[in-house]
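Peer 1: okay, here's the prediction I keep looking at, along with the sequence it came from:
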Amino acid sequence: MPPFLTRVATLMVAACLLLASLMVSTSHRAVAAAPGYLMTHFTGEGATGQQIYFSHSEDGLHWTDLNGGGTALRSTVGTRGVRDPSLVRSPSGDRYWIVATDLCIDCGQSWGDAQSNGSRNLVVWESTDLVTWSQPRLLDVAGAIPDGRNAWAPEAVWNPATNDYVLYWATNATLNGVLKHRIYYARTTDFRTITTPRLYIDRPGTQGIIDTQIVEVPSGTGAYRYVRASGDGDITIEGSNSILGSWTKLGNLSGIGLTGSQVEGPMWLKFRDRDDWALYLDQYATGRGYLPVLTTDPTSPGSYRLPASGSHQMGGTKKRHGSILNLTAAEENRVQARWPATTANRLQSYNQQDRYVRHVDFDVRLDPDVSPADDARFRLRAGLTGSGTVSFESVNYPGYFLRHVGSDLELARNDGTTDFAGSATFRRAPGLADAQWSSFQSYDAPDRYVRHYAYQLRLDAITTTLGREDATFRVTG
């Protein structure tokens, strides 16, 4: 080949290689940027653990706690605790609900009380964007069930056959002389009103059933359109072509050593990038939280397999019975902006360095050895009035901010008003007693700063050396 043509051929090959490299790189970036998964869950017993938490995963197996591991939503109704949250998206994607058990164990209620005389209500939140949620409300689902004693572990699935949601849950009730948990259902379009509850799943004899979750299986995978996994002494797998039709028992997970005495709270995930599913199971017997069991066919119990060692990571908080949503790109952007994974902060006093700012019964003060620890953790958000300022949002009371009323500081729910925004916004300045620390000047009362006085937090005009020390804080992890 002549030298000129050789050089041309060499340049063409190089250009092709560069183009291929760019295509591969672009492809990898597209995969990396694909939206992930949102888990809603609770973390354990007590008033703090039994609330709504969010976690995010890019691949469905490695999870990061959102909101710095703090509470995302808090129940202020019923027992003031929630478990077993189910996150529901409307078919059009313009509305979302969280439906949860109204239950707070170790908050003045025992398991015996909860089973024999527990709440007959579910707790419901509603949203149009997945990040701005309504106040929680109670939905009575078990009050109309004869001898219905509680309402646990709710789930909901859209039923195209009836153009509404099938809402189902477990109630402990006496039927045919046998007292036990069975699954009941009702239909709803708005999670405000429901049809009369009817029996959905019953097991023979005295065998109860509490947890069940349904997943829709795409055409071409297995023989059934819907599969459900239930905690009923085993983890039973069933299939059906109609949500309210007959169901066929397909088997259980005893072949991989898992029974209902070890795990509960089945939670489905369909991987976005491959024909593979994870059935997450809560290892309640050992207190280890969720474990993903993998399968290429949910209708075939023999195909389920335990994950390889080290192939999954559940994040910093324990993940208990919840649900998973495959996010769209817009949803993911909103969720991560609202509840970032970054760690929340504490405010340490300059002249009382063993003490931190915390809330107690919505009052704000300094204390050492804060318990629960989340009472002293705040997320420093962009100020409610605009950029260049900060506002302090409580980690365990999301939507509640430090604000002043007159000279007093309190923790209060953001009501969306201009007055609230002004009273909950501060300018962060170099510390008045030490420029390496910080002081916080009131936005709407700029002649005053946040300080402590007799361990109470307040706003004051600062004119003395002691005042400057009282008004100086360190923002720390």
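Peer 2: The structure has been received and is ready for your questions.
Peer 1: out of everything not next to it in sequence, what's closest to Gln456?
Peer 2: Arg365 (5.2 Å; Cβ to Cβ, 6 or more residues apart in numbering). C-beta: built from backbone N, CA, C; applies to glycine.
Peer 1: host element of that neighbour?
Peer 2: For Arg365, the enclosing helix or strand under DSSP states H and E is strand 363-367.
Peer 1: buried stuff in that strand?
Peer 2: Under the neighbour-count criterion of 16 or more other Cβ atoms under 10 Å, strand 363-367 has 364-367 buried.
Peer 1: now render the residues you listed as TSV, adding distance to Arg203 and pLDDT.
Peer 2: Formatted as TSV, those follow (distance: Cβ to Cβ, whole Å; pLDDT from 0 to 100):
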residue	distance to Arg203	pLDDT
Val364	51	97
Arg365	52	97
Leu366	55	97
Asp367	50	96
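Peer 1: now these as a markdown table including distance to Thr317?
Peer 2: Converted to a markdown table, the buried residues of strand 363-367 look like this (distance: Cβ to Cβ, whole Å):
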| residue | distance to Thr317 |
| --- | --- |
| Val364 | 25 |
| Arg365 | 27 |
| Leu366 | 27 |
| Asp367 | 24 |
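Peer 1: gap between Asn475 and Ala344?
Peer 2: Rather than Asn, residue 475 is Val. 11 Å (Cβ to Cβ, to the nearest Å).
Peer 1: cool, and Arg203?
Peer 2: In terms of Cβ to Cβ, Arg203 sits 44 Å off from Ala344.
Peer 1: what's the distance between the residue nearest to Leu38 when sequence neighbours are not counted and Tyr184?
Peer 2: Closest residue in space to Leu38, ignoring its immediate chain neighbours: Leu325 at 4.8 Å, by Cβ to Cβ, 6+ apart. Here Leu325 is placed at a distance of 24 Å from Tyr184 (Cβ to Cβ).
Peer 1: the more surrounded of the two?
Peer 2: Legend: neighbour count by other Cβ atoms under 10 Å for Leu325 and Tyr184, higher for Tyr184 (23 against 17).
Peer 1: bridging residues for the more buried one?
Peer 2: Beta-bridge pairing of Tyr184 under DSSP bridges involves Trp169, Leu199.
Peer 1: do I have it right that it meets Leu199?
Peer 2: Yes. If you go by Cβ atoms under 8 Å, Tyr184 and Leu199 touch, sitting 5.9 Å apart.
Peer 1: what ranges do the strands span in the stretch 201-350 of the chain?
Peer 2: Applying DSSP state E, counting those that start in this stretch to the stretch 201-350 of the chain gives strands spanning 211-216, 226-231, 235-240, 248-252, 264-270, 277-282, 290-295, 320-326, 346-349.
Peer 1: for those, give me a markdown table that also has mean pLDDT and distance to Asp408.
Peer 2: Putting these into a markdown table (pLDDT from 0 to 100; distance: least, Cβ to Cβ, whole Å) gives the following:
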| stretch | mean pLDDT | distance to Asp408 |
| --- | --- | --- |
| strand 211-216 | 96 | 46 |
| strand 226-231 | 97 | 49 |
| strand 235-240 | 97 | 53 |
| strand 248-252 | 97 | 59 |
| strand 264-270 | 95 | 43 |
| strand 277-282 | 96 | 43 |
| strand 290-295 | 95 | 43 |
| strand 320-326 | 96 | 37 |
| strand 346-349 | 96 | 17 |
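Peer 1: JSON lines for these, including distance to Arg458?
Peer 2: Converted to JSON lines, the strands of the stretch 201-350 of the chain look like this (distance: least, Cβ to Cβ, whole Å):
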{"stretch": "strand 211-216", "distance to Arg458": "49"}
{"stretch": "strand 226-231", "distance to Arg458": "52"}
{"stretch": "strand 235-240", "distance to Arg458": "55"}
{"stretch": "strand 248-252", "distance to Arg458": "61"}
{"stretch": "strand 264-270", "distance to Arg458": "45"}
{"stretch": "strand 277-282", "distance to Arg458": "45"}
{"stretch": "strand 290-295", "distance to Arg458": "44"}
{"stretch": "strand 320-326", "distance to Arg458": "39"}
{"stretch": "strand 346-349", "distance to Arg458": "14"}
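Peer 1: right, and the ones you listed - which one's nearest Gly148?
Peer 2: strand 211-216 (17.5 Å; Cβ to Cβ).
Peer 1: tell me what that closest one is packed against?
Peer 2: strand 152-159, strand 226-231, strand 264-270 (3 or more Cβ pairs under 8 Å, 6 or more residues apart in numbering; DSSP states H and E).
Peer 1: quick check: which of those is buried the most?
Peer 2: Highest mean neighbour count among those (mean count of other Cβ atoms under 10 Å): strand 226-231, with a mean of 25.
Peer 1: break this structure into its domains for me.
Peer 2: As assigned by automatic domain parsing, the chain contains the domains 34-338, 346-476.
Peer 1: could you point out which element follows the worst-scoring helix or strand of the chain on mean pLDDT?
Peer 2: Using mean pLDDT, DSSP states H and E, the weakest-scoring helix or strand in the chain turns out to be helix 3-33, at a mean of 40. Downstream of helix 3-33, the first helix or strand assigned by DSSP H and E is strand 37-42.
Peer 1: who are the packing partners of that following strand?
Peer 2: Strand 37-42 packs on strand 53-57, strand 82-89, strand 320-326, helix 329-338, going by 3+ Cβ pairs under 8 Å, 6+ apart.
Peer 1: including distance to Ser240, could those go into CSV?
Peer 2: CSV is the format used below for the helices and strands packed on strand 37-42 (distance: least, Cβ to Cβ, whole Å):
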stretch, distance to Ser240
strand 53-57, 29
strand 82-89, 19
strand 320-326, 20
helix 329-338, 29
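Peer 1: out of the ones you listed, which comes closest to Gly222?
Peer 2: Going by Cβ to Cβ, the one of the helices and strands packed on strand 37-42 nearest Gly222 is strand 320-326, 19.4 Å.
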